[in-house]
Each structure stands twice: as C-alpha cells, then as structure tokens.
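[1] model the following, please.
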Amino acid sequence: MSVNNNAAGEQKKPSFKDSLKSMDTEETFDLIFYRPIGYAWALLAKRLGITPNAITIASIFLGVGAGVAFYYNNIWINLLGVLLLVWADSFDSADGQLARMTKQYSRIGRILDGVSGDLWFAAIYVAICLRENVTSEFFSAHHWVIWVMAVVTGLFHATQAAMADYYRQFHLYFLKGKEGSELDSASELWKKFHSLSWKHDFWQKLTLAFYTNYTVGQEKRTPWMQRLRAVLKEKYGNEVPQSFRDAFRAKSKPLMKYTNILSFNTRSFALFAAILIFRMPWLYFAFELTVLNGVLIYMMCRHERICRNFVTELSKK
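    Sure, this is the predicted structure:
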C-alpha cells in the first residue's frame with residue numbers, strides 16, 4: 001500500500017528535452033556542453049526552490065567577474081576569467097531551462113536575461129580598453145581609439161544579439177505557436193504601456209518602456225517580416241494554417257545557424273583566442289566589427305527575402 005502511495009505521489013522528473021527551446025534552434029556545442037550542464041543546474045535549482053531570475057542575477061556577478069579577470073595581462077588570471085564566463089553562460093542556459101521546466105515565464109525574466117549578457121560584455125569591453133591602454137604602445141599613445149572601437153562594437157553587438165533573438169523567436173512562433181515563442185508586437189506592448197500608471201506601476205511601466213523600444217528597433221529593421229505578419233493576420237487571424245507553418249519553417253530553419261553564430265559561443269571562442277592565444281584583446285573588437293557584422297547583414301537580407309517571397313505568394317491567393 002505504501003509503495004502505491006509513493007508511486008502516486010512521486011513527481012515525474014522533467015526530461016532534458018523538455019528544457020530545450022527546440023531542436024531547430026539549438027546550437028550543436030550548446031547541446032553537447034552548455035545544455036547538459038544547464039539542465040543539471042536547473043534540476044538542482046528546482047529542488048532547492050531557486051527561481052530562474054535568481055540564477056540570472058547570479059550569472060551577472062560571474063560574467064562581470066570574468067571581465068575584471070580579463071583586465072590583467074596574466075595568463076592564469078585570464079584562465080580564471082574564462083572559467084567564470086563559462087560558468088556564467090551555464091547559468092544563462094540554466095535559467096531558461098528551469099523556466100521551461102517549471103513554466104515560470106515572465107517578461108521581466110526575458111528582459112533580465114538579455115540585460116545579463118549586456119552587463120557581462122560591458123565589463124569585458126571596459127577591461128579590454130583599460131588593459132590595452134596600459135599594455136599596447138599604440139593605444140597608450142592614442143587612448144581614445146580603443147574606447148571608440150569599444151563603443152561602436154558595443155552598438156553593433158546589441159544589434160546583432162537583438163536580431164538573432166528576433167529571428168529565433170519568429171521561427172519558434174511558426175514551429176510551436178504563440179505559446180512556444182516570446183515573439184512580441186510593439187503595438188500591443190504600447191497598449192499595455194499606456195494602460196499602466198506611473199504612480200501605481202512605476203517600475204513595471206519603466207521596464208516596459210525599455211522593452212517596447214527594443215521591440216520597435218527589431219521591427220524597424222525587418223519591414224518585410226512586418227508585412228508578412230500583417231498579411232497573415234488579415235488572412236488567417238490568429239490561426240495560421242499548418243501548411244504555411246511548415247513551409248515557413250523549411251525556409252527559416254537553415255538561417256538558424258546564423259542566429260547561433262551571433263549568439264554567445266562564437267563570440268566567446270573569438271574572445272578567448274584574442275586574449276589567451278594572440279594576447280591582443282583588441283582583436284576581439286575587430287572580429288565583431290567585421291565577421292559578425294557580415295553574418296548579421298547576410299542573415300537579415302536572406303530573411304527579408306524569404307518574407308518578401310511569402311508575401312508575394314499570399315497576395316496571389
């Protein structure tokens with residue numbers, strides 16, 4: 001009798017697959033390395049009652065600590081920075097996996113997740129600038145050059161990350177539907193923003209203001225995607241046929257590898273090479289400005305062409 005009670009009361013352990021966004025959007029290295037580690041962290045956090053947002057906040061301290069370690073021109077301290085950044089990203093993986101396992105989704109969590117990565121790299125950028133001004137003859141004589149590089153790189157970095165995330169969410173929308181995606185609409189966000197009161201909902205409204213402007217930027221850079229969304233809304237309402245979902249997924253899936261290139265792993269490999277192998281951290285800025293921007297432009301052009309073709313096809317029906 002006690003055995004039956006135990007079996008009935010035992011909760012099913014969330015599977016590793018349940019913790020993933022989708023196999024379409026996962027990167028190979030993440031599946032091999034970060035996702036298994038993140039899954040272990042997520043299971044531990046679930047058992048201890050730790051929330052996804054708490055894990056995200058912990059990742060911020062680890063990522064900023066990595067930035068501090070990269071300031072020093074010492075290989076062992078730099079290796080410590082690598083360890084801290086890898087640890088931070090394992091937490092960044094764990095917070096999302098925990099949220100999916102426990103259904104603890106929130107817009108605040110999504111915003112916090114994006115901010116955490118920005119804070120990591122802000123600390124890393126500052127560390128690189130301070131280090132190059134001390135160790136490089138050129139940058140020591142021209143202090144402003146490295147800081148200008150950092151600011152410009154940071155602006156492009158923000159755009160790269162925003163667009164990679166947007167295309168990934170758009171793909172998930174057609175793969176899993178609205179409930180399986182975090183795709184937002186600026187017009188709906190503005191309605192929510194105006195419904196809040198500065199007096200009674202100050203922090204929520206302030207946060208929503210930043211997030212809405214972030215979404216506006218994504219929409220402005222994707223005119224054909226927005227036309228496709230409008231055509232689908234007009235033609236099908238909220239129920240897009242499965243045949244169209246499958247057709248869009250087939251075209252969009254090959255582009256997911258570019259969204260992954262613009263995410264963490266490729267950046268971190270380039271950063272580690274610039275600091276540990278070449279011992280010239282400024283090379284990381286050069287990599288972002290050239291290689292990653294090239295990937296960004298190619299990805300945006302390909303995706304806009306896909307959306308334009310679908311708009312043309314739908315207009316003929």
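[2] ok, R302 touching S252?
    No - the criterion here is CB atoms under 8 Å, and R302 misses it with S252 at 9.6 Å. Where you see a C-beta, it was placed from the backbone N, CA and C, and this is true even at glycine.
[3] same drill for these two, tell me which one is more crowded.
    S252 (23 against 16; other CB atoms under 10 Å).
[4] so what's the closest residue to the more buried one other than its chain neighbours up against?
    The shortest distance from S252 to any non-neighbouring residue, by CB to CB, 6 or more residues apart in numbering, is to H171 (4.7 Å). Residues near H171 by CB atoms under 8 Å, 6 or more residues apart in numbering: D24, T25, R249, S252, K253, L255, M256.
[5] I'd assumed F156 was in contact with L292.
    Yes - with contact defined as CB under 8 Å, L292 reaches F156; the gap is 7.4 Å.
[6] tell me which of the two has more neighbours.
    L292 (22 against 16).
[7] the closest residue to the more buried one other than its chain neighbours sits in which helix or strand?
    Among residues not flanking L292 along the chain, Q160 sits closest, at 5.6 Å (CB to CB, 6+ apart). For Q160, the host element (DSSP states H and E) is helix 143-176.
[8] do N213 as well
    Going by DSSP H and E, N213 is part of helix 202-220.
[9] which element follows that helix toward the C-terminus?
    Criterion used, DSSP H and E; the element after helix 202-220 is helix 223-236.
[10] I'd like the next helix or strand past that following helix.
    Heading C-terminal from helix 223-236 (DSSP H and E), you reach helix 242-252.
[11] I figured G67 was touching A127, is that so?
    Yes - in this structure, G67 is within contact of A127 by CB under 8 Å, at 4.7 Å.
[12] got the contact list for Q204?
    Here Q204 is in contact with L196 (CB under 8 Å, 6+ apart).
[13] can you pull the pLDDT of it?
    At Q204, the pLDDT value in this model is 91.
[14] what about it, distance to I57?
    18 Å (CB to CB, to the nearest Å).
[15] cool, E234 as well?
    Look at E234 and I57: by CB to CB, they are 42 Å apart.
[16] looking at those two, which is more packed in?
    For the pair E234 and I57, the greater number of neighbours falls to I57 (14 against 9), based on other CB under 10 Å.
[17] give me the neighbour count for the closest residue to M280 other than its chain neighbours.
    In this structure, M280 finds its nearest non-sequential neighbour in A274, 6.1 Å apart by CB to CB, 6+ apart. For A274, the count of nearby residues is 20 (other CB under 10 Å).
[18] wait, isn't A274 in contact with R267?
    No - counting by CB under 8 Å, A274 stays clear of R267, with 10.6 Å between them.
[19] CA atoms of stretch 109-128 as PDB?
    Taking Å, rounded to 0.1, in the frame of the first residue of the first chain, the C-alpha atoms of stretch 109-128 are listed here in PDB:
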ATOM      1  CA  GLY A 109      12.700  37.300 -16.800                       C
ATOM      2  CA  ARG A 110      13.200  37.700 -20.600                       C
ATOM      3  CA  ILE A 111      14.400  41.300 -20.200                       C
ATOM      4  CA  LEU A 112      16.700  40.400 -17.300                       C
ATOM      5  CA  ASP A 113      18.100  37.500 -19.300                       C
ATOM      6  CA  GLY A 114      19.000  40.000 -22.100                       C
ATOM      7  CA  VAL A 115      20.400  42.600 -19.700                       C
ATOM      8  CA  SER A 116      22.700  40.000 -18.100                       C
ATOM      9  CA  GLY A 117      24.600  39.300 -21.300                       C
ATOM     10  CA  ASP A 118      24.900  43.000 -21.900                       C
ATOM     11  CA  LEU A 119      26.400  43.600 -18.500                       C
ATOM     12  CA  TRP A 120      28.900  40.700 -19.000                       C
ATOM     13  CA  PHE A 121      30.200  42.200 -22.200                       C
ATOM     14  CA  ALA A 122      30.100  45.800 -20.900                       C
ATOM     15  CA  ALA A 123      32.500  44.700 -18.200                       C
ATOM     16  CA  ILE A 124      34.700  42.800 -20.700                       C
ATOM     17  CA  TYR A 125      34.800  45.800 -23.100                       C
ATOM     18  CA  VAL A 126      35.900  48.200 -20.300                       C
ATOM     19  CA  ALA A 127      38.500  45.700 -19.200                       C
ATOM     20  CA  ILE A 128      39.900  45.300 -22.700                       C
END
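[20] now do it: distance to the chain's middle.
    11 Å (CA atoms, centre = their mean, to the nearest Å).
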